[in-house]
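[1] Sequence unavailable; structure follows:
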């Protein structure tokens, strides 16, 4: 595959019958989240974990669209498009998770650890793209959480959204989640700190912190 760098399947000693598709963030490697993955494994979850090559560094806007199709192909090949599958997405992995629940009605459980509109990436990246910003935003419209009212229905979405963040606009994401709440069950957790602190806290320093959120989703 072009963008998916590594796929790891982790089987628990005693399965609880629930699958987790765990999607790493931009530049993240599977080993970065090993403590979090071990906690989930010990709770009986079967894990399909993916990390990705540096999408933005390729200077090709098509790569963000390609990664969605590649993850979709993995889910279909592994027969993970099921109601008992929970998607856990870290940062960019959260965007991919939103795209997957848009594509498949039977995927209805999503936990996002940070994330937002990729078309609103920091200003420092704007000069790196071979297309102008308006074209980039239009090209990426379908891969962001921003969606027409009612396009996503019957979903259970939990988002750990930083109170302050240089990478995304928390208020803008919250506004979109408020819209999604009309047709879905949406829960927003507001930890202190920014984008990277939230990722490190949830996946490295306190890997059991989000366990109750995943348990709640599993019970849906």
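    Ah, there it is. Everything numeric in this text was worked out from a predicted model, so none of it was measured.
[2] Secondary structure of residue 51: a strand, I assume?
    Yes: assessed with DSSP: H, G, I helix; E, B strand; the rest coil, residue 51 lies in a strand.
[3] tell me the pLDDT at it?
    According to the prediction, residue 51 has pLDDT 96.
[4] max-length helix in the protein?
    helix 62-77 (DSSP state H).
[5] Tell me which residues are up against that one.
    Helix 62-77 is touched from outside by 1-4, 7, 21, 23, 48, 50, 52, 55, 80-81, 85, 96, 99-100, 103-104, 107, 118, 139-140, 142-143, with contacts defined as CB atoms under 8 Å, 6 or more residues apart in numbering. Using the backbone N, CA and C atoms, a C-beta is placed for each residue, glycine as well.
[6] swap in stretch 129-145?
    Contacts of stretch 129-145 (CB under 8 Å, 6+ apart): 59-62, 64-65, 68, 95-96, 98-99, 115-119, 126, 173, 176-177, 180.
[7] go again using 6 Å as the cut-off
    61, 64, 68, 98-99, 117-119, 126, 176 (CB atoms under 6 Å, 6 or more residues apart in numbering).
[8] Sort out which of these are buried, if you could.
    Among the contacts of stretch 129-145, those classed as buried by 16 or more other CB atoms under 10 Å are 61, 64, 68, 98-99, 117-119, 176.
[9] a markdown table for those, including pLDDT?
    Formatted as a markdown table, the buried ones among the contacts of stretch 129-145 follow (pLDDT from 0 to 100):
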| residue | pLDDT |
| --- | --- |
| 61 | 85 |
| 64 | 87 |
| 68 | 92 |
| 98 | 90 |
| 99 | 91 |
| 117 | 70 |
| 118 | 70 |
| 119 | 68 |
| 176 | 77 |
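[10] As a markdown table, those with distance to residue 16 would be great.
    A markdown table is the format used below for the buried ones among the contacts of stretch 129-145 (distance: CB to CB, whole Å):
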| residue | distance to residue 16 |
| --- | --- |
| 61 | 40 |
| 64 | 33 |
| 68 | 28 |
| 98 | 25 |
| 99 | 26 |
| 117 | 34 |
| 118 | 33 |
| 119 | 37 |
| 176 | 32 |
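[11] rewinding a little: could you identify the helix or strand that succeeds the longest helix of the chain?
    strand 85-90 (DSSP states H and E).
[12] Paired strands for that following strand, with orientation please.
    Strand 85-90 sits in its sheet next to strand 19-23 (parallel), strand 109-113 (parallel), going by DSSP bridges.
[13] roughly how far is that strand from the heart of the chain?
    Here strand 85-90 shows a centroid-to-chain-centroid distance of 6 Å under the convention CA atoms, centre = their mean, to the nearest Å.
[14] Where do the strands of this structure begin and end?
    Ranges of strands within the chain are 4-10, 19-23, 46-52, 85-90, 109-113, 156-160, 185-189, based on DSSP state E.
[15] Out of those strands, name the one with the poorest average pLDDT.
    Among the strands of the chain, strand 185-189 scores lowest, at a mean of 89.
[16] Neighbouring strands - and their directions - for it?
    Here, using DSSP bridges, strand 185-189 pairs with strand 156-160 (parallel).
[17] And the partner strand, what's buried?
    Buried, per 16+ other CB under 10 Å, within strand 156-160: 156-160.
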